[in-house]
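*Asks:* Got a sequence here, can you model it:
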Amino acid sequence: MNLSIVKYNAGNVRSVLNALERLGVSATVTDDPEALRASDKVIFPGVGEASSAMRYLREQGLDKLILELRQPVLGICLGMQLMCRHSEENDTECLGIFDLEVRRFSEAKVPQVGWNQAIDAAGPLFTGMSDRPYFYFVHSYYADLGKETAATSEYGIRFSSALQKDNFYGVQFHPEKSAEDGELLIKNFLDHA
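*Replies:* Got it, this is the predicted structure:
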């Protein structure tokens, strides 16, 4: 399988590569449009700040490229948030794949750090799991609920912890840091998405 990880100056790439290596899968970290287009699957991870991440994507032309991808794409944490329409983090216009607003938690201490359940988890990413698997979260912003919501979680309020639309998947949590359920989610993306 030709698997690529989008390089866009957002953290967390090393831990994603390590998780893939544990599954016996190698990936290329690249911001080259042709390499991304030629990939069988693309992972769009991220830890960082929305406006600087979007600025880099725009400067490299990756904002338009990601929208054109037809193979399965998995956004992780900031990657998922950037796939939404807009983020309150520095009033950032994002990619708009998911027609959802990303908001800062106001009802609970930020960031949310630690284990939380994904509730009513449905779709190919969650094959073989209970309907309330646990995953590891680190975030201060969340995506609203909407028709693309594939799982929810609760932290002061209920929010989208997973999204899916067409070939685009997103998870707010970090599957690469989420033990057996996280490993299974990555495997499900590689095998079933």
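*Asks:* Which secondary structure state is assigned to residue 65?
*Replies:* helix (DSSP: H, G, I helix; E, B strand; the rest coil).
*Asks:* Now do the same contact list for it.
*Replies:* Contact analysis of residue 65 by Cβ atoms under 8 Å, 6 or more residues apart in numbering lists 33, 36-37. Backbone N, C-alpha and C define where each C-beta goes, glycine included.
*Asks:* The same query, at a cut-off of 6 Å, please.
*Replies:* residue 33 (Cβ atoms under 6 Å, 6 or more residues apart in numbering).
*Asks:* shaky segments in this structure?
*Replies:* For the chain, applying pLDDT under 70 flags no range at all.
*Asks:* So what touches the helix ranked longest in the chain?
*Replies:* What stands out as the longest helix in the chain, according to DSSP state H, is helix 179-192. Under the criterion Cβ under 6 Å, 6+ apart, residues 19, 74, 124-125, 127, 129, 133, 175 lie in contact with helix 179-192.
*Asks:* Please identify which helix or strand holds the nearest residue to residue 78 once chain neighbours are set aside.
*Replies:* Sequence neighbours aside, residue 46 is the residue nearest to residue 78 in space, at 3.2 Å (criterion: Cβ to Cβ, 6 or more residues apart in numbering). Counting by DSSP states H and E, no helix or strand carries residue 46.
*Asks:* and the contacts of helix 179-192 as JSON lines, adding secondary structure, neighbour count and distance to residue 90?
*Replies:* Output for the contacts of helix 179-192, formatted as JSON lines (DSSP: H, G, I helix; E, B strand; the rest coil; neighbours: other Cβ atoms under 10 Å; distance: Cβ to Cβ, whole Å):
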{"residue": "19", "secondary structure": "helix", "neighbour count": "21", "distance to residue 90": "29"}
{"residue": "74", "secondary structure": "strand", "neighbour count": "28", "distance to residue 90": "24"}
{"residue": "124", "secondary structure": "helix", "neighbour count": "15", "distance to residue 90": "33"}
{"residue": "125", "secondary structure": "helix", "neighbour count": "26", "distance to residue 90": "29"}
{"residue": "127", "secondary structure": "coil", "neighbour count": "15", "distance to residue 90": "36"}
{"residue": "129", "secondary structure": "coil", "neighbour count": "17", "distance to residue 90": "35"}
{"residue": "133", "secondary structure": "coil", "neighbour count": "21", "distance to residue 90": "32"}
{"residue": "175", "secondary structure": "helix", "neighbour count": "26", "distance to residue 90": "26"}
